[in-house]
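Engineer: sequence and predicted structure below; questions after.
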Amino acid sequence: MPALIRVGHRGAPAVAPDNTIESFDAAVAIGVDMIEFDVLPGRARPGELLVAHDYGALARHPPLTLDAALAHFATALFERVRLQLDVKRRGHEQAVLAALDAHALRERAFITTGVGAVLVRMRELAPELALGWTVPDLPLVNELPTVGHLYRRGIPERAAARIRSGAINALVAHWSMVTARLVDAVTGAGGEIYVWTVDDAALIERLAALGVTGVISNDPRLFGSITQ
C-alpha cells in the first residue's frame, strides 16, 4: 500500500452514480487502493443484502445486491483493491461474512460501522478481520457545539483504548474531527485512521501531512495531485 491509502467513497460518485458497478469501475480505473461501499438489509426479500447507504437511495437507481457487487469485485480487475464494507444495521453479520466467503473475499475485507453491536458480533465471528469504528456515531454532534466539543475531546482516548483491547483495528473519522492529537493517539496505540469524506485536494494534503492512514473521497481523481 502507498503512504496514503486512497479510498473511493461508494466508488467514484463524482464520475458515476454511487454504490453502482459503474462507480466501482470508475474508481478502480482512476487507481484507488480501496473501495468503500454500504451494506443495507433489503425489505423486499428476507435475508437479502443490498449495496445502498439508506432506503431513500434505492429510489435513485436499481438496487445492487451485495452478492452481485462481490461477484464483480472477485474479478481480475479488482484483484489488488481492498474492500471497505460499511455495515449499516445489526443482525446481519453472519450473512455478510457468508457473502464474502462465497466469493473468497474475506481476506480483502475491511468491515466498518458506527453501530457498536456490529463491531462486537463481527469480532466474535471473525476475529481475524480488520474492523473500523466510524465516528461520529452520535446524532447532531456537529450541530450542537457543546456536545461536539466534548465528543471530539474524548475520542482520542476512547479510540486508543479500543484498539489496545483488540475491539477494533482502525478509527474511521469524519474530517472535522481529525487533529494531530487524534492521529497520534490512534497510531500510537497501533491502529489505523481513515478520514471521510474529503473532496478537497488541499485538505487531503493536510491530512496526509498529519500522518493519517487513508482518505475516503467522492472524487478519487483528487488523489492524483498528492505526493506519495
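Structural biologist: Noted; the coordinates are in hand. Numbering: from 1, shown residues only.
Engineer: counting contacts, what elements does the lowest-mean-pLDDT helix or strand in the chain pack onto?
Structural biologist: Scoring the helices and strands of the chain by mean pLDDT, DSSP states H and E places helix 145-165 at the bottom, with a mean of 86. Helices and strands touching helix 145-165, by 3 or more C-beta pairs under 8 Å, 6 or more residues apart in numbering; DSSP states H and E, are strand 130-135, strand 170-174, helix 180-188. C-beta: built from backbone N, CA, C; applies to glycine.
Engineer: please repeat the previous calculation with a cut-off of 6 Å.
Structural biologist: The criterion is 3 or more C-beta pairs under 6 Å, 6 or more residues apart in numbering; DSSP states H and E, and the helices and strands that helix 145-165 contacts are helix 180-188.
Engineer: list the buried residues for the helix it packs on?
Structural biologist: Residues of helix 180-188 classed as buried: Leu182, Val183, Ala185, Val186, Thr187 (neighbour count, 16 or more other C-beta atoms under 10 Å).
Engineer: mind putting those residues in CSV, pLDDT included?
Structural biologist: Formatted as CSV, those follow (pLDDT from 0 to 100):
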residue, pLDDT
Leu182, 96
Val183, 98
Ala185, 98
Val186, 98
Thr187, 98
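Engineer: just the residues you listed now: which is nearest Ala117?
Structural biologist: Taking C-beta to C-beta as the measure, Val186 is the one of the buried residues of helix 180-188 closest to Ala117, at 22.1 Å.
Engineer: which residues of this structure score low on pLDDT?
Structural biologist: 1-2, 137-148, 227-228 (pLDDT under 70).
Engineer: which other helices and strands contact whichever strand in it runs longest?
Structural biologist: Using DSSP state E to define each element, the chain has its longest strand at strand 34-41. Where contact means 3+ C-beta pairs under 6 Å, 6+ apart, strand 34-41 is packed against strand 5-9, strand 49-51, strand 82-87.
Engineer: got the angle between that strand and strand 82-87?
Structural biologist: Inter-element angle recorded for strand 34-41 and strand 82-87: 30 degrees (by axes from the mean of the first three to the mean of the last three C-alpha atoms, to 10 degrees).
Engineer: for strand 34-41, which strands pair with it and how are they oriented?
Structural biologist: Neighbouring strands of strand 34-41 in its sheet, by DSSP bridges, are strand 5-9 (parallel), strand 49-51 (antiparallel), strand 82-87 (parallel).
Engineer: keeping just the C-alphas, turn the first one into PDB.
Structural biologist: To tie it back to what came earlier, the one meant is strand 5-9. Provided in PDB are the C-alpha atoms of strand 5-9 (Å, rounded to 0.1, in the frame of the first residue of the first chain):
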ATOM      1  CA  ILE A   5      -4.300   4.800   1.100                       C
ATOM      2  CA  ARG A   6      -6.700   6.200  -1.500                       C
ATOM      3  CA  VAL A   7     -10.300   5.100  -0.900                       C
ATOM      4  CA  GLY A   8     -13.200   5.700  -3.300                       C
ATOM      5  CA  HIS A   9     -16.300   6.600  -1.300                       C
END
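Engineer: now the helix or strand following it against strand 34-41, angle please.
Structural biologist: Remark: after strand 5-9, the chain's next helix or strand is helix 21-30, criterion DSSP states H and E. Counting by the same axes, to 10 degrees, helix 21-30 points 160 degrees away from the direction of strand 34-41.
Engineer: now the buried residues of helix 180-188 in a markdown table, with distance to Pro13?
Structural biologist: Compiled in a markdown table, the buried residues of helix 180-188 are given as follows (distance: C-beta to C-beta, whole Å):
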| residue | distance to Pro13 |
| --- | --- |
| Leu182 | 26 |
| Val183 | 26 |
| Ala185 | 31 |
| Val186 | 27 |
| Thr187 | 29 |
